[in-house]
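**Q** Structure for the following, please:
(2 chains)
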Amino acid sequence: MPDNGSTPSAAATRKLLSSRPLERIVVLGANGTMGYGSAALFTQAVPHVTFLARTRAKAEEGLASAIAQVRSPTVASRAECGDYNEDLESAVAQADLIFEALTEDLDIKREMFDRVESARRDDAIVATVTSGLSINALCQGRSESFRRHFLGLHFFNPPNVITGTELIAGNDTDADVLDFIEAFSRLRLGREMVRTADTPAFAGNRVGFKVLNEAAQLAETLGPALVDRIVGPYTGRALTPLATVDLVGWDIHRAIVDNVHANTKDEAHSTLELPAYMASLMERGVLGDKTGGGFFKRDGKTRLALDVASGNYIPISEVALPDMGYVNDIANLYAQGRYEDGMAIFLKAKGDEASLARKVIAGYISYAFHRVGEVAESINEIDRILGMGFNWAPPSVLVDTMGSRAAVDMIGEAGLPIPELLSDAANSSKQERFFHHPNINVGRFFVAS
Amino acid sequence: MAQGSEVYILGGFQTDFGRNWTKENKHFSALMRESVLGALERCEIAPEEIESAHVGNFAAELYCMQGHLGAFFTEVDPAFSGLPTSRHEAACASGSIALLAASAEIEAGRYDLQAVVGIEQMKTVSAGEGGAFLGTAAWYDEEAKDIDFPFPKLFGKLGDEYDKRYGLRDEHLAEISKINYANAKLNPNAQTRTWYMNKEHALCRTDDNPAVGGRIRIADCSQVTDGSVCVFLASRDYAERYARGMGKKLEDIPRIKGWGHNTARLRFADKVAESEGAEYVLPHVRSTIASAMQRAGIADVNGIDGIETHDCFTTSEYMAVDHFGITAPGESWKAVEEGWLEIDGKHPINPSGGLIGAGHPVGATGVRQLLDAYLQVAGEAGDYQVEEAKNFQTLNIGGSGTTSVSFVVGT
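**A** Predicted coordinates for the structure are as follows:
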């Protein structure tokens, strides 16, 4: 086989791992979802993990949640619990890594970093799991030693299942600190590591929530059941978009799209505007699965869909859905592993639903390729985080499967801007794949339903 | 062509063993298709070049209601229509039997380039039903009928036999499990790479790690896996041309240097009765390993840089340690305690994670082991690369130590 180039570094990477100690990790905000999920992950790899929260009881709740999440009582044998008042300084002073997972609020986090700074050892690494706040803003005004050891380590929820992880450097982060954390995360925590720029919502959520929010906008007129059918599994995802927003939580969705909408200005700006109906339903307490329902809810065995206009729920079986026979044709081909053939049907399928599906997918591809150089160095990083963080067919995989000429035509037909990378590829005589990752099976993204 | 002519390995492809093809709503033909097309692409071989194909599979008739698997190879590419193909079965050693058949045909001079596919889709049925299917790898009526999960119980008995003859401590088995899970984290195609494991968990004796057969607990077991692996085997002539085309030297192309193959009596009790008073608990397994080394011209395990062994359970790896000659018979625990089995140790075992960590799609395992041995000696194993590996050996076992196949792969 051809050389893949990664091999010579294996032993060197393992040596890099032993170049500095990583025996003690302190998790701040260990009662939150990302806090206890990350803490559980750490107990696989290091002997001492301290769960800290506002009260010891809260930290103990976090530990119980961690044990339940990974289904191993042995988490407890590697964990200690404590609170910010009594235990923070002593725990942080001993820690090799301080991992911050507090509420997504710049001031709250910065206040905590003030205390961390005065207690930490000079060589201790400080990481934040923020899903979109600026890494540079978070460490602004801190000492040089702090800034050199500070980085973003963005796990996706739940971290014990989803391996895609973003690593974000600040302006002053040491290169060897980044390399070390990347090696640790990859080799000891089994992460798929992606380096992204310090831009709002980084790479994964920037592109991913654009698509999710566009689906939410479409639901205003089409209804959630039809939208999730149109942008269904056959478009390259295991979980449909609006079901994903319900799982993530509407409040989190709002925080992410508001942040992106307020702090960026790109060619798809309007797709990042939260639909007004979501804001008003949120005022009535609708936050998705955690409040018992969002776009969808369950009543016993019956699955219900939101009627956006009234705010009421109706059984999905009673929602009139148009015939979308082409989806079954595609699914039958995918079931036999014939992904190119299935994609060819997608490109040619007739009807408003098929056109709309192509428009959303064209928007996804166009938006992702336009972010190259802004949120990440290449399309490869954006591809990997959407593949392994969202479990979506990465933009490049879709382009490779349909062909770059077909992708350009589809984007043009949708009236969206065509990325230069794609038009260059379409005009080139050589047909080269964009997605080169021998260790990710692209077939997994083509779900046959 | 003279007997014993060389068989080269040009590379291959394995599917991600973490995938659940039933959840993706996919037929096993998709599984085969991805592995074969993946291998063609990675090895830069045109479909028209393939002359014959062998498929290793244990029980698609049971899991997928489908036989005649050799014929499914022709569905992968129009160029394959008309090729001679066949399917091979020897329980968990099915993949290695397919490799033996393919390499024998190359040695005989019949073909220059063969595809070998190992495949099993197992997540189509519940764990209990699948456990009964696996029971057909034993003497079903005698050892498996009406027994829940018969195989963990049989390999629990292997542990008991070690305990009786030499003494056996569960913590040594737990360490084996821990190493396999840790190595699996380095392998992007390993089934368990995101699973929670540490030594305490492997040792824990609660409902989170329940007993499934005597001393065998969940953490001691390989798991139900969907997967397919395709490799290409070639004659010297073809390998020479291939090497030139890839800008490599023939000496850089790994080859099968030696093989071993034995079949013992089916029932575990009969095997143990036969070996009573002998040095090794499973002498036929020892013979398979030794003959592969002998054919490769390697004196003993010190000439082997790493091993991919059949750890369907921790007890089978424990058995492999002394049967490979890493320790004296009955002293496998020493290798565990000394850290020799770890990836940077003196005798690394299962850098891929093995069956426990990487997964065990039954009919695919033997082919997966050969591909991993290839990747190691070609220096292409990525994060689970063993440093300076020149010779790697596999051990693939069907049944309770019944059919054994071993290959020595090297450059």
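
**Q** quick one: secondary structure of the residue of chain A most remote from its centre?
**A** Distance from the centre of chain A peaks at A:Ser429, with 35.1 Å (Cα atoms, centre = their mean). Secondary structure, DSSP: H, G, I helix; E, B strand; the rest coil: A:Ser429 is coil.

**Q** B:Asp16 now?
**A** Of the three states, B:Asp16 takes coil according to three-state DSSP.

**Q** so how many other residues sit close to the closest residue to it other than its chain neighbours?
**A** Taking Cβ to Cβ, 6 or more residues apart in numbering or on different chains, and ignoring the residues beside it in sequence, B:Asp16 has A:Asn441 as its nearest neighbour in space, at 4.5 Å. In short, each C-beta sits where N, CA and C put it, glycine included. If you count neighbours by other Cβ atoms under 10 Å in any protein chain shown, A:Asn441 ends up with 21.

**Q** what's near enough to touch the residue lying closest to B:Leu203 once chain neighbours are set aside?
**A** Excluding its sequence neighbours, the residue lying closest to B:Leu203 (Cβ to Cβ, 6+ apart) is B:Ala174, at 4.3 Å. Applying Cβ atoms under 8 Å, 6 or more residues apart in numbering or on different chains, one finds that B:Ala174 lies in contact with B:199, B:202-203, B:219-220, B:314.

**Q** Tell me if B:Arg87 really is in a strand.
**A** Yes: B:Arg87: assigned to a strand according to three-state DSSP.

**Q** mind checking the end-to-end distance for stretch B:190-202?
**A** End-to-end span of stretch B:190-202 (Cα to Cα, to the nearest Å): 18 Å.

**Q** is it up against chain A anywhere?
**A** Yes: part of stretch B:190-202 sits close enough to chain A to count as contact by Cβ under 8 Å from any Cβ of the partner chain, namely B:193-194, B:196-198, B:200-201.

**Q** In strands, which of those residues appear?
**A** Restricting the residues of stretch B:190-202 next to chain A to those inside strands, with DSSP state E as the criterion, leaves an empty set.

**Q** Now tell me which helix or strand of chain A has the poorest mean pLDDT.
**A** Among the secondary structure pieces of chain A, namely its helices and strands, helix A:9-17 has the lowest mean (mean pLDDT, DSSP states H and E), a mean of 81.

**Q** follow-up on the earlier one: switch the contacts of B:Ala174 over to a markdown table; also include neighbour count and pLDDT.
**A** What follows is the contacts of B:Ala174, written out as a markdown table (neighbours: other Cβ atoms under 10 Å in any protein chain shown; pLDDT from 0 to 100):
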| residue | neighbour count | pLDDT |
| --- | --- | --- |
| B:Lys199 | 17 | 83 |
| B:Ala202 | 26 | 87 |
| B:Leu203 | 18 | 86 |
| B:Ala219 | 26 | 94 |
| B:Asp220 | 30 | 95 |
| B:Thr314 | 30 | 97 |
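
**Q** List just the nearest of the residues you listed to A:Asp352.
**A** Out of the contacts of B:Ala174, the one with the shortest distance to A:Asp352 is B:Ala219. That distance is 52.9 Å, counting by Cβ to Cβ.

**Q** Quick check: pLDDT value at the closest residue to A:Val70 other than its chain neighbours.
**A** Sequence neighbours aside, B:Tyr196 is the residue nearest to A:Val70 in space, at 3.9 Å (criterion: Cβ to Cβ, 6+ apart). Looking at B:Tyr196, its pLDDT reads 90.

**Q** ok, B:Tyr196 touching A:Ala40?
**A** Yes: B:Tyr196 is in contact with A:Ala40 according to Cβ atoms under 8 Å; the separation is 7.3 Å.

**Q** between these two, what contacts are shared?
**A** Taking Cβ under 8 Å, 6+ apart as the contact criterion, the residues that touch both B:Tyr196 and A:Ala40 are A:70, A:160.

**Q** More neighbours: the two, which one.
**A** Legend: neighbour count by other Cβ under 10 Å for B:Tyr196 and A:Ala40, higher for A:Ala40 (30 against 20).

**Q** wait, doesn't that one sit right on A:Asn160?
**A** Yes: here A:Ala40 reaches A:Asn160: they are 6.3 Å apart, a contact under Cβ under 8 Å.

**Q** Give the residues shared as contacts by these two.
**A** Shared contacts of A:Ala40 and A:Asn160, defined by Cβ under 8 Å, 6+ apart, comprise A:69-70, B:196.

**Q** For the closest residue to chain A within the stretch 201-350 of chain B, give me its contacts.
**A** The nearest approach of the stretch 201-350 of chain B to chain A comes at B:His201, 4.5 Å away (Cβ to the nearest Cβ). B:His201 sits next to A:72, A:74, B:208-209, B:219 when contact means Cβ under 8 Å, 6+ apart.

**Q** let's see 7 Å
**A** Taking Cβ atoms under 7 Å, 6 or more residues apart in numbering or on different chains as the criterion, B:His201 is in contact with A:72, A:74, B:209, B:219.

**Q** Residue of the stretch 301-449 of chain A nearest chain B, please.
**A** The stretch 301-449 of chain A approaches chain B most closely through A:Gly337 (3.1 Å), counting by Cβ to the nearest Cβ.

**Q** ok but that residue is inside a strand, no?
**A** No: with the criterion set as three-state DSSP, the secondary structure at A:Gly337 is coil rather than a strand.

**Q** Leaving out the residues flanking it, which one is nearest to it?
**A** For A:Gly337, the spatially nearest residue (Cβ to Cβ, 6+ apart) is B:Ala30, at 3.1 Å.

**Q** Can you verify the one you found is assigned to a helix?
**A** Yes: inclusion of B:Ala30 in a helix is indicated when three-state DSSP is applied.

**Q** count of residues packed around it?
**A** B:Ala30 - counted by other Cβ under 10 Å - has 25 other residues nearby.

**Q** go on, A:Arg54?
**A** Around A:Arg54 there are 13 residues (other Cβ under 10 Å).

**Q** list the contacts for it?
**A** By Cβ under 7 Å, 6+ apart, the contact list for A:Arg54 reads A:83-84.

**Q** Could you pull up phi and psi at it?
**A** For A:Arg54, the backbone dihedrals (degrees, to the nearest 10) come out as phi -60, psi -40.

**Q** State the pLDDT value of it.
**A** We have a pLDDT of 98 for A:Arg54.

**Q** Relative to A:Ala40, how far out is it?
**A** As judged by Cβ to Cβ, to the nearest Å, A:Arg54 and A:Ala40 stand 20 Å apart.

**Q** And the residue of the stretch 301-449 of chain A closest to chain B, its phi and psi?
**A** For A:Gly337, the backbone dihedrals (degrees, to the nearest 10) come out as phi 80, psi 10.

**Q** Kindly report the same for A:Gln431.
**A** Dihedral angles of A:Gln431 (phi, psi; degrees, to the nearest 10) stand at phi -100, psi 100.

**Q** Check the burial of it by counting its neighbours.
**A** By other Cβ under 10 Å, 11 other residues sit near A:Gln431.

**Q** Tell me the pLDDT of it.
**A** The per-residue pLDDT reported for A:Gln431 equals 81.

**Q** now B:Glu200
**A** What the model reports as pLDDT for B:Glu200 is 86.

**Q** The one 10 residues further on now?
**A** Reading off the per-residue confidence, B:Pro210 sits at a pLDDT of 90.

**Q** Apart from its neighbours in sequence, what residue is nearest it?
**A** Distance criterion Cβ to Cβ, 6+ apart; nearest residue to B:Pro210, sequence neighbours excluded, is B:Ile218 at 5.9 Å.

**Q** isn't that neighbour right up against B:Asp207?
**A** No: proximity of B:Ile218 to B:Asp207 does not meet the contact threshold set by Cβ atoms under 7 Å, at 9.9 Å.
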